[in-house]
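*Asks:* generate a structure from the sequence data that follows.
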Amino acid sequence: MRSTSLSITRRVAALALALMASGLAQAAEITVSAAASLTNAFRELAPAFEAAHPGTKLQFNFAASDALLAQIAKGAPVDVFASADQETMDKAQQQKLLVEGTRRNFVSNALVVITPAEGGVALKTLSDLQQSAVKRVAVGRPEGVPAGRYAKAALEQAGLWSAIEPKAVFAQNVRQALDYVSRGETEAGFVYMTDALVFKDKVRVLFGVPTPAPISYPIAVTSGGANAEGGKRFLDFVTSAAGQAVLARHGFQKP
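*Replies:* Numbering: from 1, shown residues only. The predicted structure is shown next:
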């Protein structure tokens, strides 16, 4: 009888240790939902951050900022949210999805018009997109992609949106717009400068696009995540000198 009780006690203890280990493993994971344009930079950041925080593992989810917000609002287990525009982060804040006091701007970007590196068109201004040689223009869907909203706002400011919209091939995120141009499926496209650098051998930057609002990226810890402290450490890292150096290598500018 005593042997049976001892066996049960040991099994209970083993189960408790397993549960504790599982909890520690989960606590050591930091889930980051970030705008698609941050893909390469954040992936390069990961090894340095994990080395500086032994036992910590970063899990990334990259997509259009609006899509990420929708996931978070529905309860996705996310610790950090990095958006490509202020509007999306404002919505997250209004929905009380952020840990108060953690939001900060960490990088900025620039919008450019690109063309395929081989056989592309020669354009100098937004007005040139009206040329007959430009049959299709890749642009993020304004209703759900910050890069698309920036592009639409710039074209509206120039009085050109109604002329260019019929040529638009709408993308689900800025990287898809980049793919359309790099594969020669459109003659031109709107992407961030950082995206153009990713495929610098496949696309050519034609000119920069002035946007009515600065392209500023905010980041914050989310209120529904399981690792708020880990999220805060990640925010500290991306805004540190080491983190900013990596982001700069990928073409991002200071906030």
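*Asks:* lowest-confidence helix or strand of this protein?
*Replies:* Ranking every helix and strand in the chain by mean pLDDT, DSSP states H and E puts helix 2-28 at the bottom, with a mean of 46.
*Asks:* check which element follows that one along the chain.
*Replies:* strand 29-35 (DSSP states H and E).
*Asks:* partners of that next one, with directions?
*Replies:* Applying DSSP bridges to the sheet, strand 29-35 is found paired with strand 57-63 (parallel), strand 80-82 (parallel).
*Asks:* residue 168 is nearest to which of these?
*Replies:* strand 57-63 (20.3 Å; CB to CB). The C-beta positions use only the backbone N, C-alpha and C, and glycine is treated the same way.
*Asks:* tell me what angle the helix or strand just after the closest one forms with strand 57-63.
*Replies:* Reading on from strand 57-63 to the C-terminus, the next helix or strand found by DSSP H and E is helix 65-73. With axes from the mean of the first three to the mean of the last three CA atoms, to 10 degrees defining the directions, helix 65-73 sits at 130 degrees from strand 57-63.
*Asks:* so who does the spatially most central residue of the chain touch?
*Replies:* The C-alpha lying nearest the average C-alpha coordinate of the chain belongs to residue 35 (CA atoms, centre = their mean; 1.3 Å). Residue 35 makes contacts with 62, 63, 64, 65, 68, 82, 83, 84, 146, 174, 217, as judged by CB atoms under 8 Å, 6 or more residues apart in numbering.
*Asks:* so it bridges to which residues?
*Replies:* Going by DSSP bridges, residue 35 forms beta bridges with residue 63.
*Asks:* got it, and residue 139?
*Replies:* Assessed by DSSP bridges, residue 139 has beta-bridge partners residue 170.
*Asks:* any idea how many residues pack against it?
*Replies:* For residue 139, the neighbour count with other CB atoms under 10 Å is 30.
*Asks:* again with residue 100
*Replies:* Residues near residue 100, counting by other CB under 10 Å, number 10.
*Asks:* A strand includes it, no?
*Replies:* No. Counting by DSSP: H, G, I helix; E, B strand; the rest coil, residue 100 is not part of a strand but coil.
*Asks:* local confidence estimate at it?
*Replies:* Turning to residue 100, the model gives it a pLDDT of 96.
*Asks:* gap between it and residue 229?
*Replies:* To residue 229, residue 100 is 15 Å away according to CB to CB, to the nearest Å.
*Asks:* ditto for residue 146
*Replies:* Applying CB to CB to residue 146 and residue 229 gives a distance of 29 Å.
*Asks:* with that, I have no additional questions.
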